[in-house]
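*Asks:* prediction below, plus the sequence it came from.
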Amino acid sequence: QLCPTFYATTCPNVSSIVQGVVQQAALKDVRIGAKLVRMHFHDCFVDGCDGSILLDDANGIDSEKDESPNVSVEGFDVVDDIKTAVENVCPGVVSCADILALASEISVSLGGGPTWQVPLGRRDSRTANASRTTDLPGPFEDLGQITSKFSDKGLDSTDLVALSGAHTFGRAQCQSFSRRLFNFSNENPDPSLDTTYLQTLRQACPQGGNPARLNNLDPTTPDDFDNNYFKNLQNNRGLLQTDQILFSNGGADTVAIVNLFANSQTSFFDSFAWSMIKMGNISPLTGSNGEIRADCKRVN
Ligand code: HEM
Ligand SMILES: [Ca+2]
Ligand SMILES: [Ca+2]
């Protein structure tokens with residue numbers, strides 16, 4: 001029962017306020033849009049889109065932030081800046097969970113991607129759920145595991161492929177994929193890795209090198225939200241193992257979807273927008289459940 005006009009009377013300018021802060025932040029950090037989209041995904045997959053990822057450790061709160069899938073999530077300072085800007089105009093009205101959903105749409109559209117009407121009206125949790133961060137997919141899982149983690153959230157193969165397209169921008173550390181480069185199987189690199197791209201990645205991430213070094217998820221257009229991610233997969237230039245398996249797992253239903261999105265940016269954009277709305281609908285708190293946090297980092 002979320003709806004795009006939820007704040008029409010209580011905070012009519014919320015969208016432009018969020019946009020202003022994200023645009024300002026993007027001047028200093030080209031990656032901020034990618035960070036915010038990832039944060040919304042990591043929120044929605046753990047107890048639904050309820051802002052749980054934003055809570056710091058406190059009495060009775062075991063933060064999700066220091067669990068392994070989230071240690072590399074960044075951008076919390078910008079969420080705080082957005083919240084402050086929104087509170088200045090509409091105090092006590094807009095949830096942190098909705099701020100993540102709005103900031104994601106704005107980030108995608110600023111990157112050159114699709115726009116959509118963001119359903120709103122989520123409320124913020126009074127709990128975090130560190131142990132359920134295992135609901136998030138990891139970069140070394142196989143297609144069956146990833147698919148079932150998505151279907152557990154009501155998301156199908158089309159959603160999986162479309163949403164993985166968020167890896168059209170942003171960065172990943174060497175440790176998120178470097179096992180593909182050397183002893184992947186029988187002392188050989190991952191066979192589903194283009195040999196030229198393999199050489200580039202080996203230089204960037206040598207054995208014994210810095211595991212935290214950053215690499216573009218999309219080597220073609222690293223900061224643009226476009227369908228090059230899917231063209232890369234067709235050329236065996238997916239960075240993460242979980243990117244490339246969408247195309248290289250012969251017989252999987254994801255292969256045709258990758259081809260569709262590689263051939264038509266419009267179908268990718270339409271599907272991405274729809275899948276983001278679906279993901280944004282994962283068990284939101286509404287009505288009198290939860291609260292509108294005054295500070296996204298702590299419960300009221
Ligand atoms: C399909 C399962 C997925 C897996 C296994 C996965 C895994 C990862 C990993 C390992 C990284 C790099 C982390 C690091 O090295 O620091 C990453 C980055 C990222 N992910 Fe995913 N991801 C998945 C799906 C998604 C979805 C559904 C979205 C959003 C709709 C998303 C958005 C992003 C973005 C934008 C980045 C770059 C963030 C930055 O630059 O800080 N991912 N992901
Ligand atoms: Ca959550
Ligand atoms: Ca791109």
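*Replies:* Perfect, thanks for sending it. Ligands and ions are numbered 1, 2, ... in the order given.
*Asks:* any idea how far residue 214 is from residue 246?
*Replies:* 22 Å (CB to CB, to the nearest Å). Just so you know, the C-beta spots here come from the backbone N, C-alpha and C atoms, and that holds for glycine as well.
*Asks:* then residue 62?
*Replies:* 33 Å.
*Asks:* my read is that residue 17 contacts residue 93, right?
*Replies:* No. Under the criterion of CB atoms under 8 Å, residue 17 makes no contact with residue 93, lying 11.4 Å away.
*Asks:* tell me which of residue 62 and residue 246 has more neighbours.
*Replies:* Of the pair residue 62 and residue 246, residue 246 is the one with more neighbours under other CB atoms under 10 Å, namely 24 against 14.
*Asks:* hang on, that one in a helix?
*Replies:* Yes. The assignment for residue 246 (DSSP: H, G, I helix; E, B strand; the rest coil) places it in a helix.
*Asks:* contacts only, for it.
*Replies:* Residue 246 makes contact with 143, 160, 161, 164, 233, 238, 252, 254, 255, 257, 258 under the criterion CB atoms under 8 Å, 6 or more residues apart in numbering.
*Asks:* go through those residues and flag which are in helices.
*Replies:* In this view, the contacts of residue 246 that belong to helices under DSSP state H are 143, 160, 161, 164, 233, 254, 255, 257, 258.
*Asks:* go through those and say which is closest to residue 207.
*Replies:* Closest approach to residue 207 among the ones in helices among the contacts of residue 246 (CB to CB): residue 233, at 25.7 Å.
*Asks:* got the confidence number for the residue of the stretch 51-200 of the chain found nearest ligand 1?
*Replies:* Residue of the stretch 51-200 of the chain nearest ligand 1, by CB to the nearest ligand atom: residue 170 (2.4 Å). The model reports residue 170 with a pLDDT of 98.
*Asks:* quick one: contacts for residue 72?
*Replies:* residue 173.
*Asks:* which secondary structure element is home to it?
*Replies:* Applying DSSP states H and E as the criterion places residue 72 outside every helix and strand.
*Asks:* distance check, it against residue 253.
*Replies:* For residue 72 relative to residue 253 (CB to CB), the value is 30 Å.
*Asks:* who wins on neighbours among the contacts of residue 246?
*Replies:* Neighbour max across these (other CB under 10 Å) = residue 238, 31 neighbours.
*Asks:* which residues touch it?
*Replies:* 192, 229, 232, 244, 246, 247, 248.
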